[in-house]
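Participant: this one's sequence-less:
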């Protein structure tokens, strides 16, 4: 009759949320037609409210199933753009309160709602799910649950900080919300985050993805009926451990101790540079100690405050940057790389081989000695085997992946290689020899990529018969952990070669920046002056520990002295000397001889057991290498008091980094500030809370930075001379690197 | 065409390699109508290729594990089947050139169970024997190995078979414990021995139990079957109905004495056993009460619609046709083309029949319509139903098998009409011979020309064989 007609016309107008009633169960299907993922946009929320009200108004409906029609995504979170569009904290707070209100209605629904989860269920998506009465998730590899808001400098602002602790307990809730980590379905079941798991299906009469969603829906509908008919109960019998834990958590002094411990842990790890974790603790604490109303209010207010912080803007900027750097802007390459050869089975070479076979690409790993090859092979195996221990890979998958690796000492099968990445010793004459040897055996279409961290690509390409096929692919160590890949093109590199290198990098799971050629390209060039300044500070008597705490205190994840040890003192010396020659006194500061002397004494950093620190001892406390201290004493410099306060030292280090980054943009080495920020943060550990050197200039103020640099320039000279672009920004405050 | 002069029609058929039209009976409005359906081929005999025949086949009664056979060892059961074959065929023991036997769960003491059983069954100690293993198609592998030996001209008479004994399975010490025990053997001093003994922890004493699970995926077969059934949308009801059908047909076959391959076996210390003991026709209501056995609580595979753990052994005598005739035998069937297939052990673990059927038909130049008797191994009702649906699907054939069209599902009236593994039992490595012998017996009884055996096996493998009736 009229009713159903009305219903039809209404649902026809909806684009994101639809529903049908099957056997008194309303199946609500979510699908944002404009995007690959579902987000809780204003549009989605409005339709959801409309649909839920219709369902609640329909007496025939006894239960609800909430499911996404997208195979890899339930709801990936709130719409970030919606939050970013807000101008004031109050606006964001009211957004949060709207969300809280919707989910409160969901929680108090008179009929049970089953969230059927397949794919990512993150942020607002998880908050929605935990407001439902029952949760069923598929065991698909794509199914992940989590509250990643903290990684964007925010907090779960739609009731998450209030509901999660009650659902999974205080410790687990802190862990989820403070780390933002993804939780796999089996773990989620154990934690009590979901009630039932459904296995993903293989081929049947439909594609596995399609049928799995259908199956999930069938199972969820059955449970919804069971819940409505009281045949399924939500409350689980608690085990003894759970009961004890609940009892202990019920004691206020215990909870107080937990808040204290968590707070001090967060302060230790974040150095107080990130406001979000502290606000999250506050929300949870308020909710538990002062009740729901206070908790929800604190949550929405803190959410509003956080959205306005520079830290959140920086982190969101990085998020957007990362999305951009995970796309191929050079088109589809003419050929797919089906076989890749890596030359040199050292740390880098083996790492590159590992991330390549991991994505199903057959890889040759060639070395010149059997010992080198065996070590590299073991590194790859260990990398994969560690994944089996974490259960992200089965031993059979590991073996299958390993079967794609061919370790060899000769050039057999190079005639079938589509790309060769060399990771041999950083010496131009050796690289030239390798280019010639390889070009004698590879097919004409094969790309020659060089994994150098400082040698200009054009110098290496000089030995090539086909420079259009030569490109730089600068990986970061350890390759399987570091996300960044810096691709370097010369003016002769063809667009297709670039497209192919980017495609390979993306396949390897990398975040990619593409920069111009020159000594040190972008990343190494930014790092070198900062390390030179670090050496100077050490010569001036700032101890390695103090130097580390100054840099980590600024937000660098690894202190400068430790970083030098990790990179390798020999590599640092090499780079400092090379770039020093190329750029002159601007790259001066610390004396290169310090590094050289350390190398001579065998203090090559972590890999040799000694660098700035002594490694290998089991004690937690790292000990400073007294041998290195002696060397530093013999090169002692007097610290000019005017520029040697703690903050001065921090800014000396950072301003040289930032100035060089801006100069790279000015010179055209860097195509844009976004890639500059991504490269600095993901490759060099530039403080994420600052969002990268360019965002830092924007938020700190170019003028203030230039003022500081002028002061340093007076003491030290041209190492602190601001580049023209930085001066331009200092002069005109309307100039910004990011809109 | 029925009026065609019979002898010239025979010649015509022979020249075209087409079979004579065959009688088919339909029931139409209570009137029996006989029509004739043309076979694609009259025979699968090929010039220059040896005809290989099944002389006879027997099996011990298949018993639920842990029942009357519980105190035996695997080779005892195998011996019973071999002796039964000798008795049934009157075969002189030294006429056998070779013995091939299948087994899945190995008793470590008799790892070449073929040889131990043959010696115990009184075969000549000059007859070599080897054991093969290929999960649920182990005795199929034993039979095709025999076919290969005969076809290659190396043997004339081969005994093949298989045994499975689930009443006792090897349960091992943990790897850590084994390592300690092995080191203990090598330890020279008392001190070294004591320190090794001291290293034993309580956790090391936990035993390792064998599981019917894939090594590659760690998924149990029942779990995989449940997912397969779900993937093909097979309902619990369909599965229970099929299981009930299997039990009902098996009961009928048992009661009417059709299961003539079963031999009587005097179990030492126990009574004579002469019947399978797992056939239990139940009711749909009773079956519906069972809870899912693997995927809980929403799965569909239950104990009642799965094959059960079974003890049993089977044996067949395979010969070249010439040899069989020379020895005065009347063979039961020709063993013709066969194939082995394999696919993804995770999501397509039990789809062997779907892949093997069109392949072996193509090889033989037959179509599904040419087959009169189907014997498929029933691992799970859900697995059979999933295979039937896959065989009926053009989409599946095109998307996953690289074929233009579906092969089609076998008509149910020709399918496992004397029961199957669900009801008769499934001693893993003995089932293959049961399938082949049953096809031969059904062809004799029902009067068809061609039979098809198909089975799935752990590891994502499968097998199919075409069997041709021996002219009666």
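Facilitator: Yep, that arrived. These numbers come from a predicted model, not from an experiment.
Participant: mind checking pLDDT for the one residue in chain A that gets nearest to chain B?
Facilitator: Here chain A gets closest to chain B at one residue, residue A:202, 2.2 Å apart by CB to the nearest CB. (C-beta placed from N, C-alpha, C; glycine too.) For residue A:202, the pLDDT comes out at 96.
Participant: One more: residue A:5?
Facilitator: Residue A:5 is given a pLDDT of 43.
Participant: helix, strand or coil for the residue of the stretch 201-350 of chain B found nearest chain A?
Facilitator: Taking CB to the nearest CB, chain A has its nearest neighbour within the stretch 201-350 of chain B at residue B:347, 2.2 Å off. Under DSSP: H, G, I helix; E, B strand; the rest coil, the three-state class of residue B:347 is coil.
Participant: Quick check: phi and psi on the nearest residue in space to it that is not next to it in sequence?
Facilitator: Spatial nearest neighbour of residue B:347, excluding adjacent residues (CB to CB, 6 or more residues apart in numbering or on different chains): residue A:202 at 2.2 Å. As for residue A:202, its main-chain torsions (degrees, to the nearest 10) stand at phi -90, psi -160.
Participant: how far away is residue A:202 from residue B:354?
Facilitator: Here the criterion is CB to CB, to the nearest Å. By it, residue A:202 lies 13 Å from residue B:354.
Participant: Could you pull up the mean pLDDT of stretch B:340-347?
Facilitator: Stretch B:340-347 carries an average pLDDT of 96.
Participant: same deal with stretch A:388-396?
Facilitator: For stretch A:388-396, the per-residue pLDDT averages 91.
Participant: count of residues packed around residue 299?
Facilitator: All of this refers to chain A. Under the neighbour criterion other CB atoms under 10 Å in any protein chain shown, residue A:299 is assigned a count of 30.
Participant: actually it's chain B I care about, not the one you picked
Facilitator: Applying other CB under 10 Å, we find 22 residues neighbouring residue B:299.
Participant: Now do the contacts for it.
Facilitator: Residues in contact with residue B:299 (CB atoms under 8 Å, 6 or more residues apart in numbering or on different chains) are B:226, B:230, B:292-293.
Participant: what bits of the chain have low per-residue confidence?
Facilitator: Using chain A. A:1-12, A:237, A:617-620 (pLDDT under 70).
Participant: my question was about chain B
Facilitator: Counting by pLDDT under 70, chain B has low-confidence residues at B:1-37.
Participant: With distance to residue B:129 added, can I get the contacts of residue B:299 in a markdown table?
Facilitator: Formatted as a markdown table, those follow (distance: CB to CB, whole Å):
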| residue | distance to residue B:129 |
| --- | --- |
| B:226 | 38 |
| B:230 | 43 |
| B:292 | 42 |
| B:293 | 37 |
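Participant: Go back to these and keep what's next to chain A.
Facilitator: Residues of these in contact with chain A (CB under 8 Å from any CB of the partner chain): B:226, B:230.
Participant: And the furthest pair within the contacts of residue B:299?
Facilitator: Pairwise distances across the contacts of residue B:299 (CB to CB) peak at 14.4 Å, for the pair B:230 and B:293.
Participant: Give me the more crowded residue out of the two.
Facilitator: residue B:230 (28 against 20).
Participant: gap between residue B:69 and chain A?
Facilitator: Using CB to the nearest CB, to the nearest Å, residue B:69 is found at 35 Å from chain A.
Participant: From what I see, that residue and residue B:77 are in contact.
Facilitator: Yes: the pair residue B:69 and residue B:77 qualifies as a contact (CB atoms under 8 Å) at a distance of 6.4 Å.
Participant: quick one: common contacting residues for those two?
Facilitator: Residues touching both residue B:69 and residue B:77 by CB under 8 Å, 6+ apart: B:165, B:311.
Participant: Spell out the residue ranges of the strands in the stretch 1-150 of chain B.
Facilitator: B:22-28, B:31-37, B:52-59, B:63-64, B:98-102, B:129-132 (DSSP state E, counting those that start in this stretch).
Participant: Identify the residues contacting the longest one?
Facilitator: By CB under 8 Å, 6+ apart, the surrounding residues in contact with strand B:52-59 are B:81, B:84-85, B:88-89, B:147, B:150-151, B:261-263, B:312-321, B:324, B:329, B:331-335, B:430, B:433-434, B:436-437, B:440, B:467, B:470.
Participant: can we see that at 6 Å?
Facilitator: Residues from elsewhere that reach strand B:52-59 (CB atoms under 6 Å, 6 or more residues apart in numbering or on different chains): B:84-85, B:88-89, B:147, B:150, B:261-263, B:314-317, B:319, B:321, B:324, B:329, B:331-335, B:433-434, B:437, B:440.
Participant: on that earlier part again, out of residue A:202 and residue B:354, which sits in the more crowded spot?
Facilitator: Between residue A:202 and residue B:354, counted using other CB under 10 Å, the more crowded position is residue B:354 (30 against 21).
Participant: quick one: the residue of chain A closest to chain B and residue B:229 touch, right?
Facilitator: No: Residue A:202 is beyond contact range of residue B:229, at 11.3 Å (criterion: CB atoms under 6 Å).
Participant: Please give me every residue in contact with the residue nearest the centre of chain B.
Facilitator: By CA atoms, centre = their mean, chain B has its centre lying nearest to residue B:432, at 2.3 Å. Residue B:432 makes contact with B:137, B:139-140, according to CB under 6 Å, 6+ apart.
Participant: now residue A:427
Facilitator: Counting by CB under 6 Å, 6+ apart, residue A:427 touches no other residue.
Participant: what does chain A have sitting close to chain B?
Facilitator: A:199, A:201-205, A:211, A:215, A:219, A:396 (CB under 6 Å from any CB of the partner chain).
Participant: can you tell me which of these lies nearest to residue A:226?
Facilitator: Within the residues of chain A next to chain B, the smallest distance to residue A:226 is 10.5 Å, found for residue A:219 (CB to CB).
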